[in-house]
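**Q** coords below, sequence missing:
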């Protein structure tokens, strides 16, 4: 059994299952995916993501504001908290820092200052709510780690999602109670450094995700991604570590419920039973 720990279910590509989200989720379930964490990338989009979760018992949500999205007004800490609580979010995010586009299109993305303050507010909101954070980081390693150290509780933790940085950053995040989530990028031919992360980070600190509809794994690269293909991510990690796919699936599923404790009561009975039988919860 698998968990897709990060997917954008409100952004399903029309070419995927003729745009039928229910069909896409059913295809994933047929592949053994038993839980989905749907991400709200702006607070305005959280109600729509929450509506999906109400229709599907195996979907839970996160509420946050992505670092690259422009908004008319930056949300306060109180507004972030109120949205998360109203819609039953199990995490805050995705949030973080992304400086990749600042040199190419500085007028189209929030400035460093705006991104830092936005990230800080979400970290503080998560800390007060005792919720984990889902962190997006790109070309902002030192500042991301510094803000995490300053404003998060290692006992609650979070995850560096769709991880693309190096092993040293992964280890530093793990030391502060964070997990590392690997996406389809780990299957790409030029991602050897990321496969080293897959080999070296302890298995009990890893998650798997699709980030669908983006970043489809090999052999689907170039197509719109979908939650069913989280299995290919698990298969790649298993091959790199020389262990079974079942072990990767079970451990990353247990890791998910340990981090996102708000999702645990919603876990299917078969998932809870299997994890308990394996001594993982």
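**A** Nice, thanks for sending it over. Quantities reported herein were computed from a predicted structural model and do not represent experimental measurements.
**Q** residue 209 contacts residue 181, correct?
**A** Yes. Using Cβ atoms under 8 Å, residue 209 makes contact with residue 181 at a distance of 5.0 Å. Heads up, the C-betas are built off the backbone N, CA and C, glycines and all.
**Q** is there a neighbour count for residue 112? I'd like the number.
**A** Per other Cβ atoms under 10 Å, the neighbour tally for residue 112 reads 15.
**Q** would you check that it makes contact with residue 102?
**A** Yes. Here residue 112 reaches residue 102: they are 6.8 Å apart, a contact under Cβ under 8 Å.
**Q** and the strands in the stretch 51-200 of the chain?
**A** Along the stretch 51-200 of the chain, counting by DSSP state E, counting those that start in this stretch, strands occupy 59-63, 91-98, 133-138, 158-160, 178-182.
**Q** now render those strands as TSV, adding mean neighbour count.
**A** Compiled in TSV, the strands of the stretch 51-200 of the chain are given as follows (neighbours: other Cβ atoms under 10 Å):
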stretch	mean neighbour count
strand 59-63	28
strand 91-98	27
strand 133-138	26
strand 158-160	28
strand 178-182	26
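**Q** among those strands, which comes closest to residue 125?
**A** When these are compared by Cβ to Cβ, strand 91-98 sits nearest residue 125, at 5.8 Å.
**Q** between residue 209 and residue 181, which contacts overlap?
**A** 5-6, 161-162 (Cβ atoms under 8 Å, 6 or more residues apart in numbering).
**Q** low-confidence stretches in the stretch 151-281 of the chain?
**A** The stretch 151-281 of the chain contains residues with pLDDT under 70 at 266, 278, 280-281.
**Q** the helices in it, which residues?
**A** For the stretch 151-281 of the chain, the helices defined by DSSP state H, counting those that start in this stretch occupy 167-175, 192-200, 230-241, 245-259, 269-277.
**Q** can you tell me what sits against the third one?
**A** For helix 230-241, contacts defined as Cβ under 8 Å, 6+ apart pick out 2-4, 28, 31-33, 182-184, 186-187, 195, 198-199, 203, 206, 208-210, 217-220, 244-245, 247-249, 252.
**Q** in PyMOL, select just the buried ones from the residues you listed.
**A** Per 16 or more other Cβ atoms under 10 Å, the buried members of those correspond to this PyMOL selection:
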select buried, resi 2+3+4+28+33+182+183+184+186+187+195+198+203+206+208+209+210+217+218+245+248+249+252
